[in-house]
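Engineer: Give the three-dimensional model of this entry:
(chains A and B)
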Amino acid sequence: MDLFLQLVANGLVLGAFYALSALGLTLVFGLMRVVNFAHGELYVIGGLFGWALTAVFGWNYFLALVVVVIVLGILGYLIDQILIARVRGQGEEPTILLTIGLSIFIANTALLIVGTTPVTVASPFASKPLILGPVVITQARLLLVVICAVLIAAANLLIQKTTLGRAMRATFQDPMAAQLVGIRTPRIYGFTFALGATLAGAAGMLLGSIYVVEASTGGIISLKAFVVVILGGMGSFAGAVAGGLILGLTEALWGGYVSTGYVDAIGFALVIVTLLVRPYGLFSRRAERA
Amino acid sequence: MAVFLPTGLIVKAQRKNVENRPIDADVNGIKLALGEINARGGVLGKKVELVIEDGQCKPANTVNAAEKLTQRDKVVALIGAFCSSATAAIMPVAQSAKVPLVTGVSSAANLTEKGNTWFFRATETDALLAKSFARILVNQLKLKKVAYIGVNDDFGRGGVEEFEKQMSALGATTVLKEYFEHGTSDYYTLLTKLKASGADGAFVAAETQDGSTLVKQKAELGLSTKVFGVGSWATADFMQLAGPAANGIYAAVPYASTMKTPKNEAFVKAYQDQYKAAPGKYSAAGYNTLNIVVDAIARAQSTDPDKVREALLKTDYEGPNGHFRFDEKGQATGFTVVLVQLENGVPVVVESNTVEK
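Structural biologist: Prediction:
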């Protein structure tokens, strides 16, 4: 029983982290429909930048986080306006090629600057074991789960309740109609991608303090994020949370009771089943798009 | 006009879910040897030149690199590749181009069993390490129940199988045998299982990133199971990443900067002067392989591939970690392997053993 409780706790924490690392993609892929293969690389940039500021220059963790958020926001806006805008409206393939190229470019630039050695973001949270009955967890992980919940709630509020959020949803449902009612759609695209990049970068820095960041791990981050978004349903934050938790729990229980050897395959098996049974995701309302 | 003797070196600079092994350490060691060789006038009156290609540890890219080095650069010898799977892929290239291929890193035991007469391995195999240290580990650490954890590839599975075989023969019971994927970031599940298994020692075959994350999370969970293993445990990168969690780990390695031989003290000093860091096993591997190749060319008095190959077979080279001689399969013996325990960032030699055939 203790084993089960610990595995469930591990799975929930892991799931929250998966949800966090997929948030940016929920926006960019789920809502904006840009198949962003550079998502993982944006995450890596956030992590490496966080490492450079905290571990190399000795900045305060939260100050560094604010700077990472701002820099990634600007970077995301520029990527959208300079690169993605050129292939907008030309279907998915050009965007896919573009973001794959971008991911290769970012990964290799990062390798050139930082090298292959994995690094860790210096964090003020303690990583000592915290024993809660039969379950062991660390303060750092608990806090991160809380931050994760706050970020998800904030992003959800932004999309659902603010004018910007409404403009975003309108733009992605029907760009023409949105333009007709006076929404400056090119900017909305830029802001959405910027927000996606910001969330990816923040996740990279936050998770980089308990795991390691490495210039070339972007690929696996992207893949798991796609799993989470597809499981949960495109563009739904609640779905991303559920997708993350399902993935985390399944991996933990499968690893705990069967084998940890091929645990990465679980996510993809789940995606295949989801696509067969509920192709629009577990939590998405089926909506026709114009 | 200076005449160069190009020697091809295949390294990896990029990791894509393959193996994480710092390239710089390998190249740094080889460059140190290159400087020394050219400072004393090179070989056969010519300077030695390195042509470095990045095989990225991927078999396909490594084959491209080897083709380029043998066809376009016309190298005298190939050094590399890093990862065993990549080395296996270029062994036929070396054979058909008739260029000797020497590796100082790839440790999958089956490479020297392929009957490729152009291939030489100047390092240990996991089987040799297991044979050397199983008894010390079982007796000294008083292990009864052992867990085996390895990265899910040829290296990890090979290490786990070899150590399990040797340690079980000495009476240790296997209570857990698990593999994990390269680049896994969360080991809580695996560690929870390790805790539940009641093992008093855990064998782990892992590289820098995976290994450091695993031992850090083991400390987070408050597990006190003794850890010993093969892989990148005694490197500076590992100890820096793992921090205090690295203390007490036992590692079976072919080289440690704390080895006490005059050759090694000179090597460590030269390396530290040049790179401001202590050499790890990959630095020593790079240093040894280039020296072995150049030594063979000097004895052959020729760069004719057949003669260099013949000369390589008669190698008797003394490196920082002992003597290297090749058997007819191209596997080196006679060098020293050590069991170290990590203490505050220093690998302290617990036991050393000479690898015999």
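Engineer: Quick one: the strands in chain A, in order.
Structural biologist: A:129-132, A:135-138 (DSSP state E).
Engineer: What residues of the last one count as buried?
Structural biologist: By that I understand strand A:135-138. A:136-138 (16 or more other CB atoms under 10 Å in any protein chain shown). The way it works is simple: take the backbone N, C-alpha and C, and place the C-beta from them, glycine included.
Engineer: Now render those as JSON lines, adding pLDDT.
Structural biologist: JSON lines is the format used below for these (pLDDT from 0 to 100):
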{"residue": "A:Val136", "pLDDT": "85"}
{"residue": "A:Ile137", "pLDDT": "86"}
{"residue": "A:Thr138", "pLDDT": "87"}
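Engineer: when you check chain B, which of these turn up near it?
Structural biologist: A:136, A:138 (CB under 8 Å from any CB of the partner chain).
Engineer: which ones are touching A:Pro129?
Structural biologist: A:136-138, B:219-222 (CB atoms under 8 Å, 6 or more residues apart in numbering or on different chains).
Engineer: May I ask which two of the residues you listed are separated the most?
Structural biologist: Using CB to CB, the two most remote members of the contacts of A:Pro129 are A:Ile137 and B:Ala219, lying 13.5 Å apart.
Engineer: quick one: least confident helix or strand in chain A?
Structural biologist: Ranked by mean pLDDT, DSSP states H and E, the weakest helix or strand in chain A is strand A:129-132, scoring a mean of 81.
Engineer: just the helices in chain A please.
Structural biologist: A:2-25, A:39-51, A:61-78, A:85-87, A:92-114, A:139-161, A:163-173, A:175-180, A:185-208, A:218-232, A:237-257, A:264-277 (DSSP state H).
Engineer: other SSEs contacting the shortest one?
Structural biologist: In other words, helix A:85-87. helix A:92-114, helix A:185-208 (3 or more CB pairs under 8 Å, 6 or more residues apart in numbering or on different chains; DSSP states H and E).
Engineer: Spatially nearest residue to residue 274 (excluding sequence neighbours)?
Structural biologist: All of this is about chain A. Closest residue to A:Thr274 apart from its sequence neighbours, by CB to CB, 6 or more residues apart in numbering or on different chains: A:Leu231 at 5.6 Å.
Engineer: looking at chain B here, not the other one
Structural biologist: Using CB to CB, 6+ apart, the closest residue to B:Gln274 is B:Leu32 (6.0 Å).
Engineer: so where's chain A uncertain?
Structural biologist: Residues of chain A that meet the criterion pLDDT under 70 lie in A:284-290.
Engineer: now stretch B:164-172, how far from the centre of its chain.
Structural biologist: Here the centre of stretch B:164-172 is set off from its chain's centre by 24 Å, with CA atoms, centre = their mean, to the nearest Å.
Engineer: tell me the mean pLDDT over it?
Structural biologist: The average pLDDT for stretch B:164-172 rounds to 91.
Engineer: With stretch B:181-201 instead?
Structural biologist: 89.
Engineer: What of stretch B:332-347?
Structural biologist: Mean pLDDT, stretch B:332-347: 89.
Engineer: Now that stretch: buried residues?
Structural biologist: B:332-342, B:347.
Engineer: Likewise for stretch A:150-168?
Structural biologist: A:151-152, A:155-156, A:159, A:164-165, A:167-168.
Engineer: How about B:Ala266, nearest residue that isn't a chain neighbour?
Structural biologist: Using CB to CB, 6+ apart, the closest residue to B:Ala266 is B:Pro320 (7.9 Å).
Engineer: contacting residues for the most centrally placed residue in chain B?
Structural biologist: In chain B, the centroid-proximal residue (CA atoms, centre = their mean) is B:Val105; its distance is 3.5 Å. Contacts were defined as CB under 8 Å, 6+ apart; by that measure B:Val105 touches B:21, B:26, B:80, B:82, B:123, B:282, B:285.
Engineer: before we move on, the earlier item: out of the contacts of A:Pro129, who's nearest B:Met259?
Structural biologist: Closest to B:Met259, out of all of the contacts of A:Pro129 and judged by CB to CB, is B:Ala219, at 27.9 Å.
Engineer: about what we covered before: keep only those of the contacts of B:Val105 that are in helices.
Structural biologist: The members of the contacts of B:Val105 that map onto helices under DSSP H are B:26, B:282, B:285.
Engineer: List buried residues within those.
Structural biologist: By 16+ other CB under 10 Å, these give B:26, B:282, B:285 as buried.
Engineer: related to what we said a few turns ago, elements contacting the one helix or strand the residue nearest to B:Gln274 maps to?
Structural biologist: Using DSSP states H and E, B:Leu32 sits in helix B:23-39. For helix B:23-39, the elements it packs on are strand B:4-11, strand B:47-54, helix B:262-275, helix B:281-300, judged by 3+ CB pairs under 8 Å, 6+ apart.
Engineer: what is the rounded mean pLDDT of that helix?
Structural biologist: 81.
Engineer: Between strand B:47-54 and that helix, find me the angle.
Structural biologist: 170 degrees (axes from the mean of the first three to the mean of the last three CA atoms, to 10 degrees).
Engineer: between helix B:23-39 and helix B:262-275, how many degrees?
Structural biologist: Going by the same axes, to 10 degrees, helix B:23-39 makes 110 degrees with helix B:262-275.
Engineer: List the contacts of helix B:23-39.
Structural biologist: Counting by CB under 8 Å, 6+ apart, A:115-116, B:9, B:11-13, B:43, B:47-48, B:50, B:52, B:54, B:79, B:82, B:104-105, B:235, B:267, B:270-271, B:274-275, B:279-280, B:282-291, B:294 sit against helix B:23-39.
Engineer: can you list the helices and strands packed on helix A:85-87 in a markdown table and add distance to chain B?
Structural biologist: As requested, the helices and strands packed on helix A:85-87 are arranged in a markdown table below (distance: least, CB to the nearest CB, whole Å):
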| stretch | distance to chain B |
| --- | --- |
| helix A:92-114 | 6 |
| helix A:185-208 | 8 |
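Engineer: Please identify the most buried of these.
Structural biologist: helix A:185-208 (a mean of 25; mean count of other CB atoms under 10 Å in any protein chain shown).
Engineer: burial measure for residue 236, as a count.
Structural biologist: In the absence of a named chain, this looks at chain A. 22 (other CB atoms under 10 Å in any protein chain shown).
Engineer: looking at chain B here, not the other one
Structural biologist: Neighbours around B:Ala236, by other CB under 10 Å: 19.
Engineer: That one and chain A: what is the separation?
Structural biologist: From B:Ala236 across to chain A, the span is 10 Å (CB to the nearest CB, to the nearest Å).
Engineer: Now do that residue, the pLDDT please.
Structural biologist: Reported pLDDT for B:Ala236: 78.
Engineer: ok, now which ones touch it?
Structural biologist: B:277-278, B:280, B:345.
Engineer: what about the helices in the stretch 201-350 of chain B?
Structural biologist: Assigned by DSSP state H, counting those that start in this stretch, the stretch 201-350 of chain B shows helices spanning B:208-220, B:236-242, B:262-275, B:281-300, B:305-313.
Engineer: So which residues of the stretch 51-200 of chain B form helices?
Structural biologist: B:59-71, B:84-97, B:126-140, B:154-169, B:188-197.
Engineer: nearest to chain A, of these?
Structural biologist: helix B:188-197 (3.8 Å; CB to the nearest CB).
Engineer: For the closest one, what is the distance to the chain centroid?
Structural biologist: 29 Å.
Engineer: Report the angle between it and helix A:2-25.
Structural biologist: Following the same axes, to 10 degrees, one obtains 170 degrees for the angle between helix B:188-197 and helix A:2-25.
Engineer: which residues touch helix B:188-197?
Structural biologist: So helix B:188-197 is in contact with A:2-3, A:6-7, A:10-11, A:13-14, A:251-252, A:255-256, A:260, A:263, B:145, B:147, B:149, B:175-176, B:178, B:180, B:202, B:214, B:217-218, B:221, B:223, B:225, going by CB under 8 Å, 6+ apart.
Engineer: Thank you, goodbye.
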